[in-house]
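Enquirer: A structural model of the following input is requested.
(one chain, ligands or ions: 2)
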Amino acid sequence: MKHLLKLLDLSGDEITDILNLADQLKYEQKHGIPHPHLQGKTLGMIFQKASTRTRVSFEVGMSQLGGHPLFLSASDMQIGRGEPVEDTARVLSRYLDGIMIRTYAQKEVEDLASFGSIPVINGLTDFCHPCQVLADLMTIREYKGKLAGLKMCYIGDGNNMANSLIVGGLKTGMTVAAACPEGYRPDPKVLDFANASPNFTLTDDIFAAAKGADVIFTDVWASMGQEGEAEQRRKAFAGYQVSRELLAVAKPDAMVQHCLPAHRGEEIAADVFESHAQEIFDEAENRLHAQKAVMVKLMA
Ligand code: CP
Ligand code: NVA
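Expert: Ligands and ions are numbered 1, 2, ... in the order given. Purely as a prediction, here's the structure:
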């Protein structure tokens, strides 16, 4: 593994290796055991979009590993004024030991990796959110003790989160059921991969998708960059809410996960959010541990 660009590039074993290392690093951090695997290394973090969790967890994670995080707002860089990504990649490769990038086009991340000579980590694109889903899988494993054989349900927009959850779930042996309205389905590349598996179903019936689920995921109806479509999307996703009624058809001990930020009263009911807050904020915490594992695998 040279980069983390999308989960489609990883094998199930590679994902499991990252999760195992993440568990170990979490244990070490909780017990005050130093783990300075990246001493003297610098991670550049390019942000074209807003972030709370990704920025803070990468920054803190790099510090805990003994390295140095460098926050780079794209609007303050020449890339924001049109300097080509192939030049940015070659320049940054001379200074840094790794790059994390959050941007719109998946191609920009792939180009950064192919023109540069250092590891590139995808911190969210319109296509996928692999770091988030590694943390999600880590959290499910913590609560359920395994992944293989469990049923994951995704309700809502077939967006970056849906794309990564479907791939990550199937690659780790889960059954995945997605409920997305027509016109808001997951990416065709993801559906090509998923439809080859007997463990995948796509429907517009949220109750069919949630039936017997061990874990239910949802995400916002309008992602970053889609603010102008918010009204139209509110109509398209009416009825696609993770509510108490929906949870009633899942397993009695089903988890609820949300990558955050959450819009209570839209994709998730406020009472469901609060009654599953412990596991949702464990999920947010696990961004730190999962990404430290990714950085160690790629940069140590
Ligand atoms: N879940 C997530 O990526 O959060 P941020 O947008 O705050 O980084
Ligand atoms: N789908 C959301 C995820 C945010 C972490 C977005 O892209 O805005």
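Enquirer: how about the residues of the stretch 201-300 of the chain near ligand 2?
Expert: 219-220, 223-224, 259 (CB under 6 Å from any ligand atom). For the C-beta atoms, the positions are set from N, CA and C on the backbone; glycine is no exception.
Enquirer: what kind of secondary structure is V256 in?
Expert: Recorded secondary structure, V256: strand (DSSP: H, G, I helix; E, B strand; the rest coil).
Enquirer: and it, what does it touch?
Expert: Taking CB atoms under 8 Å, 6 or more residues apart in numbering, we find V256 in contact with 215-217, 242, 247, 268, 272-273, 276, 279-280.
Enquirer: any idea how far it lies from ligand 1?
Expert: As judged by CB to the nearest ligand atom, to the nearest Å, V256 and ligand 1 stand 15 Å apart.
Enquirer: Looking from ligand 1, tell me which residue of the stretch 151-300 of the chain is nearest.
Expert: At 4.0 Å from ligand 1, C259 is the closest residue in the stretch 151-300 of the chain, using CB to the nearest ligand atom.
Enquirer: Relative to L191, which of the contacts of V256 is nearest.
Expert: Nearest to L191 among these is F217, at 17.2 Å by CB to CB.
Enquirer: follow-up on the earlier one: mind putting the contacts of V256 into CSV with neighbour count, distance to V109 and secondary structure?
Expert: Below are the contacts of V256 laid out as CSV (neighbours: other CB atoms under 10 Å; distance: CB to CB, whole Å; DSSP: H, G, I helix; E, B strand; the rest coil):
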residue, neighbour count, distance to V109, secondary structure
V215, 26, 27, strand
I216, 28, 29, strand
F217, 27, 23, strand
V242, 26, 29, strand
L247, 19, 35, helix
I268, 26, 28, strand
V272, 22, 33, helix
F273, 20, 31, helix
H276, 20, 31, coil
E279, 17, 29, helix
I280, 20, 27, helix
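Enquirer: Mind jotting down where the helices sit in the stretch 151-300 of the chain?
Expert: With DSSP state H, counting those that start in this stretch as the criterion, the stretch 151-300 of the chain has helices at 160-171, 188-195, 206-210, 230-236, 244-247, 270-275, 277-299.
Enquirer: Spatially nearest residue to I140 (excluding sequence neighbours)?
Expert: Using CB to CB, 6 or more residues apart in numbering and skipping the chain neighbours, the partner closest in space to I140 is V215 (5.5 Å).
Enquirer: pLDDT at the one you found, what is it?
Expert: In this model, V215 is scored at 99, pLDDT.
Enquirer: just use 6 as the starting number from now, easier for me
Expert: Got it, first residue is 6 now, which makes that one V220.
Enquirer: how much space between I285 and V299?
Expert: 21 Å (CB to CB, to the nearest Å).
Enquirer: And for H281?
Expert: Counting by CB to CB, the gap from H281 to V299 is 26 Å.
Enquirer: what does T57 give?
Expert: Note on T57: its distance to V299, by CB to CB, is 19 Å.
Enquirer: Please apply the same query to K7.
Expert: 12 Å.
Enquirer: Comparing those two, which residue is more hemmed in?
Expert: Taking neighbours as other CB atoms under 10 Å, K7 and V299 compare with V299 leading, 25 against 11.
Enquirer: And for that one, nearest residue in space, chain neighbours not counted?
Expert: Of all residues not flanking V299 in the chain, L9 sits nearest, at 5.4 Å (CB to CB, 6+ apart).
Enquirer: now swap in R190 and tell me
Expert: Of all residues beyond its chain neighbours, the one nearest R190 is G163 (4.4 Å), with distances taken as CB to CB, 6+ apart.
Enquirer: got a list of what S98 touches?
Expert: 121-123.
Enquirer: Let's have the residues you listed in CSV, adding pLDDT, neighbour count and distance to D210.
Expert: As requested, the contacts of S98 are arranged in CSV below (pLDDT from 0 to 100; neighbours: other CB atoms under 10 Å; distance: CB to CB, whole Å):
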residue, pLDDT, neighbour count, distance to D210
G121, 98, 22, 44
S122, 98, 11, 48
I123, 98, 23, 45
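Enquirer: Show me where the protein has its strands.
Expert: 47-52, 73-78, 103-107, 125-127, 156-160, 180-184, 205-208, 220-223, 260-263 (DSSP state E).
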